[in-house]
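[1] Sequence and predicted structure, then a few things I'm wondering about:
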Amino acid sequence: MVRTARRRRRVLSTLVGLSLVFTAAGCGSDGSSDGTKPKEYGIGASLYLTAGGPEGGWMRDAIVMAVDEINKSGGIGGVPMKAYVEDNKVNPQVGFTVAQKFISVDKVPVILSTTSAVTKTMIPLADKHNVVILNGGAGTPSLANASKWLVSDIPLIPQETDLLLDWAYQKGLRRLSFYGQNDEIGKATSAAASAYWKKLGGTVLDQFFADKGTLDHASTIAKFKAADPDLILDIQFGQDQITFVKQARELGLDAQIISTTGFKQPNLLKSAAAAAEGSVFTQFAFDPACTADPCKRMVDDWRERYGGEVPHVFAVTYYDLVYIVKAAIEYGQQHDWPYDGEHLLQAIEAIKTFHGVAGDITIHPDGTADRPVELWTVKNGAFTKMQDAT
Amino acid sequence: MKLVLQLAVNGLFTGFAVLPMAMGFALIHGTQRFIHFAHASTAQLAVYLCYLATLVGVPATLGWPLFAQLAVTTAGVGVFGLVMQCAVYEPFRRVNGTAEGMMIVSFGIFTVGEAVFALAFGRDGLPVRESALRTFDVGGIAIPALTLATVALAGCACLLAWVLLYRTRAGLMLRAVATNPDLAETIGLRQRRLRILSMVVGSALVGPTGVAIAYQQGAAPGMGEPLLLLAAVAAIVGGLGSVLGAAVAAAMIGVVQNLALLRLDPRWQTALAFAVLFAFLVCRPRGLFGERQREVQV
C-alpha cells in the first residue's frame, strides 16, 4: 500500500514537473507576455496563391526568402522567425477564416495581408485580438485610418492615379472613362480618380465595373467607343486586364489606356504586347541593378534561390514587410517588451522610418506609407520607364 | 446607331461561337436522352487544348496556323467524348440507364473535370498568345477577323453536321434513334455504336467553340459552365434536333443579350438568356424549328 502511494506521488510529481516545464517553454508560436523570449517569432501571411494571379506566389517567395535570410544570420536575438503562409483565394470569407486560424491556432501577433477586400475583412479581428495587420499590396483609399492595427508599407492607390491623371491632363487629354473591378478597390478608385480629374478640369464620361474573372469585355468596349473618350483608367488585375487590353484594340478602341502597379505583369507582354503598346502605368520604384543593401541582398538572394530576376514589385513590398517586423522585434528586445501585437505596433510607431529595398519607407499616422512611384509605358513590346520616381 | 450595330456584331460572335457546341448538345441529347452536363467539361478542355496548341509551333505571334490548332482541339475533344462514352456512360447504362441516372453521372464528370482542370492548369487565367488576326473597320463598326472566322467556322460545322445527319446512312440511323429508340432497336440498329458516334461527333463539335473562345478570352477555369448554359438554351430555343434552329437561336440570343446592354448591366446577360428560354418554353415549347410532338392515344 505504502509503495503504491509512493509510486502515485512520484507519477504525480513527474506530471506536475513536466507541465511546469512545458508552461515555461511555451507552446506553438505564442508570444511571451512576461518579457521572456519566445521559442520563435511567428508571423502569418494571408496571400492569394490559387486564384487572382501569380503575384501572390511571388509575395510568398519573398516572405519565405526574407525569413530564411534572417534565420541564417542567427535569427532575431538568437530566436528564429517562422512564417505561417495560408491561401485566402482573394475571397474575404476565406481570408477571415485564415486570419482566425492565425490568431487562435498559430497565435501570431502580426499578419501580412493583401488585396483590399480581404484586408478590410480582417480588421474587426485585429481590433478584437490586438493583432497587427501589415499590408504590402492592397491600395483602396478607405484603408487610410481604417484601424490603428493596420499598417501599410505602400501608398494607397490615389497617389498613383493622381500621378497618372496629372500626366494625362498635361498631355492635353480631357475626356476620361473609368473601367474598374467590381469591388472595393474599383469603386473607391473610381470615386477618388473622378473627383481628382474633375478638379483638374477634365470630364468624366462614364464608369463601368466588371466582376473579377470577366473575360468578355466586348459589350463594355462598344459602350466606351460610343462615348469616344480620350483616355481610359483601367483598374483591373491579372488576366481580366490583359483580355480587356487585347479586346479593346481588336474592337478598334484607340483611347489612351492608363493603369497602376498591377499592369506590369509578364503575361501582358507574352500575349498582348502589341495591344498594350503605348499604355501608360505607374509602378512602385525598384531598381534591379542596385548596388547597395538591402536591395542588392534581395536581388542576389532571389537569383540564387529562384534562378531569375525579382519578377514583380510586390515581391519587394512583402520582403520589406518581413524586415519591418524584424526591426520592430529588435526594438522590443531592446526595451524588454513581450512579443505581442500591442508592443509590435508601439515599436513600428516609434521607429517610423524603415530602410527598404527601394529606399526609406516612412509610416504615416493614417497607417499608410510613402514609396517612390514611377511612370512607365509599353514601348516596342517592352516595359519602359518614362519618368523617374516622384 | 453605331453602338447598336457594334453590339449586334459582338452578339453575332457570341452566338456563332457557341453554335457548334449547341449542335453537339442537341445531337447528344437527341440520341442519348439525357442532359449532358459534362458538355461543359468538353468545352473547358477545348479551350485548354487550344491554349496548349498556341504554345507549340513556330515563334510567330499566331503560333500554329489557326486550322492546325482547330484540328488538334477538335480531335482532342472528340477523343475525350469517346473515352467518356466508353469508359463511363456505357458501363453505367448497363447498370442504371435512366435519364436521371445518366444525368447524375454526367454531373459527376463535370464536377471531377473542374477539379482536374484546376489541378492541371491552376486557378489563374492563361492568356492565349497575341493573334495576328486583324480588325476591319466598316463605317466605324469594328469587325474583328476573329468574328468572321468564327462565323465561317460555325457555318462549316453546321454544314458538316447537316451532311452527316441528312446525307449519310449513319445520320439516318442517328435520326431514327433520336425519333424512336425502341423502334430503332426493334429493326436491329446497333444503338451502342450510334450512341458512341453521337458522343464523338457531339464532342468534336465543341472544338470550334473552344478555339473561338480561347482566342477571344484566353483560358481560365470555370469557362465551360456559362458556355454550356448558352449552348443548351440555344439548342432548346432552336428546337432540339434542328440544325437550322440552333443556328438561328444562337445568333438571336447572342444579339439580344448584347443589344440589351443598351439598357442593362452586363451582369444581366445570363439571366436574359434564361428569360428567352422561359418565354419559349411557355409560348412555343417545341422551339423555333422543332417538330411538334404528337401523342398517340390507343
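    That came in fine, so what should we check first?
[2] Now do residue B:83 against residue B:118, distance only.
    20 Å (Cβ to Cβ, to the nearest Å). C-betas here are computed from N, CA, C, even on glycine.
[3] typo on my end, it should be residue A:342
    Counting by Cβ to Cβ - residue A:342 and residue B:118 are separated by 41 Å.
[4] Quick check: which ranges of the stretch 101-250 of chain B have low pLDDT?
    Within the stretch 101-250 of chain B, the segments meeting pLDDT under 70 span B:123, B:130-133.
[5] Burial check on the residue of it found nearest chain A, number of neighbours?
    In the stretch 101-250 of chain B, the residue that lies nearest chain A is residue B:125 (3.0 Å; Cβ to the nearest Cβ). Counted with other Cβ atoms under 10 Å in any protein chain shown, the neighbours of residue B:125 add up to 25.
[6] repeat for residue B:7
    Residues near residue B:7, counting by other Cβ under 10 Å, number 22.
[7] Might you report the residue contacts of it?
    Applying Cβ atoms under 8 Å, 6 or more residues apart in numbering or on different chains, one finds that residue B:7 lies in contact with A:219, A:222, B:255, B:258-259, B:261-262.
[8] For the nearest residue to the residue of the stretch 101-250 of chain B closest to chain A once chain neighbours are set aside, the count of nearby residues, please.
    Spatially, and ignoring its direct neighbours in sequence, residue B:125 is nearest to residue A:239 (3.0 Å; Cβ to Cβ, 6 or more residues apart in numbering or on different chains). Residue A:239: 26 surrounding residues under other Cβ under 10 Å.
[9] and residue A:239, what does it touch?
    A:53, A:215, A:267, B:124-127, B:218, B:220.
[10] Next, work out how far apart the residue in the stretch 201-350 of chain A positioned nearest to chain B and residue B:217 are.
    Proximity to chain B, evaluated over the stretch 201-350 of chain A using Cβ to the nearest Cβ, is greatest for residue A:239 at 3.0 Å. Distance of residue A:239 to residue B:217, given as Cβ to Cβ: 9 Å.
[11] Return every residue with contacts to both of those two.
    Here residue A:239 and residue B:217 have residue A:215 as joint contacts, going by Cβ under 8 Å, 6+ apart.
[12] Do a quick rundown of the strands in chain B.
    For chain B, the strands defined by DSSP state E occupy B:135-138, B:141-144.
[13] partner strands of the last one, parallel or antiparallel?
    Just to be clear, that refers to strand B:141-144. Partners of strand B:141-144 in the sheet, by DSSP bridges, are strand B:135-138 (antiparallel).
[14] Which positions in the strand it pairs with come out as buried?
    Residues of strand B:135-138 classed as buried by neighbour count (16 or more other Cβ atoms under 10 Å in any protein chain shown): none.
[15] Run through who's touching that strand.
    By Cβ under 8 Å, 6+ apart, the list of residues contacting strand B:135-138 from outside reads A:249-252, B:142-145, B:148.
[16] CA-only coordinates of it in PDB, if you can.
    Extracted C-alpha coordinates of strand B:135-138, given in PDB (Å, rounded to 0.1, in the frame of the first residue of the first chain):
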ATOM      1  CA  THR B 135      -9.800  44.000 -87.400                       C
ATOM      2  CA  PHE B 136     -11.800  45.600 -90.200                       C
ATOM      3  CA  ASP B 137     -13.400  49.000 -89.800                       C
ATOM      4  CA  VAL B 138     -16.700  49.200 -91.700                       C
END
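[17] Burial check on residue B:116, number of neighbours?
    If you count neighbours by other Cβ under 10 Å, residue B:116 ends up with 14.
[18] Same question for the one 10 residues further on.
    The burial count assigned to residue B:126 is 20, neighbours taken as other Cβ under 10 Å.
[19] do the same with residue B:120
    Neighbours of residue B:120 under the rule other Cβ under 10 Å: 8.
[20] hmm, back to that, tell me the buried residues within the contacts of strand B:135-138.
    Buried members of those, scored by 16+ other Cβ under 10 Å, are A:249-252, B:142-144, B:148.
[21] Please name the residues that touch the nearest residue to residue B:198 once chain neighbours are set aside.
    Once flanking residues are discounted, residue B:198 sits nearest to residue B:31: 4.0 Å by Cβ to Cβ, 6+ apart. With contact taken as Cβ under 8 Å, 6+ apart, residue B:31 is in contact with B:174, B:177-178, B:194-195, B:198.
[22] which of those residues count as buried?
    Those of the contacts of residue B:31 that meet the buried threshold are B:174, B:177-178, B:194-195, B:198, by 16+ other Cβ under 10 Å.
[23] farthest-separated two in those?
    B:178 and B:195 (10.9 Å; Cβ to Cβ).
[24] Could you pick out the residues of chain B near chain A for me?
    Within chain B, the positions adjacent to chain A are B:2-3, B:6-7, B:10, B:13-14, B:61, B:118, B:122-130, B:133, B:135, B:137, B:142, B:144, B:146, B:216-218, B:220, B:222-223, B:258, B:261, B:266-267, B:269 by Cβ under 8 Å from any Cβ of the partner chain.
[25] Can I get the buried part of those residues as one PyMOL selection?
    Applied in PyMOL, the following selects the buried portion of the residues of chain B next to chain A according to 16+ other Cβ under 10 Å:
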select buried, chain B and resi 3+6+7+10+13+14+122+123+124+125+126+127+128+129+130+133+142+144+146+216+217+218+220+223+258+261+266+269
